[in-house]
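[1] Build me a model:
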Amino acid sequence: QVQLVESGGGLVQAGDSLRLSCAASGLTFFTQAMAWFRQAPGEEREFVGVISWSGGSTYYTDSVKGRFTISRDNAKSTVYLEMNSLKPEDTAVYYCAAGRDTGSWDTSSDDYDYWGQGTQVTVSS
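    You can find the predicted model right below:
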């Protein structure tokens, strides 16, 4: 079956960096757009960014542009989220998600078929 397993979360201070990984199995990874979402306590799940199947294109929500970078290694079936200049408002559970690459930027959680279990990122001020 399909599995997405996130890792790399933790507790950091404001201004620090963190790199999340999401290892996929059970799917044809190179056909999937891979996205990151996050959910803070009491909030709805929020789109963070997405990378195309080839890794050639990325799209981010405005609040993380210039600070976060998504990359992927199709040979390893892994997607990464590099987070720099972290802020307390970035505190959330971060989820990776996989969905068929439609050629457009899918930012709704409904557009993705498979989800990881999430990894906690906490940024202290």
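[2] for the spatially most central residue of the chain, what are its contacts?
    In the chain, the C-alpha nearest the mean C-alpha coordinate belongs to W36, at 2.3 Å (C-alpha atoms, centre = their mean). Under the criterion of C-beta atoms under 8 Å, 6 or more residues apart in numbering, the contact list for W36 reads 20, 22, 48-50, 70, 79, 81, 94-97. Yep, even glycine has a C-beta here, placed from its N, CA and C like the rest.
[3] how does it look with 10 Å?
    6, 20, 22, 46-51, 60-61, 64, 68, 70, 79-81, 83, 94-97, 116 (C-beta atoms under 10 Å, 6 or more residues apart in numbering).
[4] same thing with Q120?
    6, 9-11, 91-94.
[5] among the residues you listed, which ones are buried?
    Burial of the contacts of Q120 was assessed by neighbour count (16 or more other C-beta atoms under 10 Å); the buried members are 6, 9, 91-94.
[6] about what we covered before: okay, the residue nearest to the centre of the chain and S125: tell me how far apart.
    Using C-beta to C-beta, to the nearest Å, one obtains 23 Å as the distance from W36 to S125.
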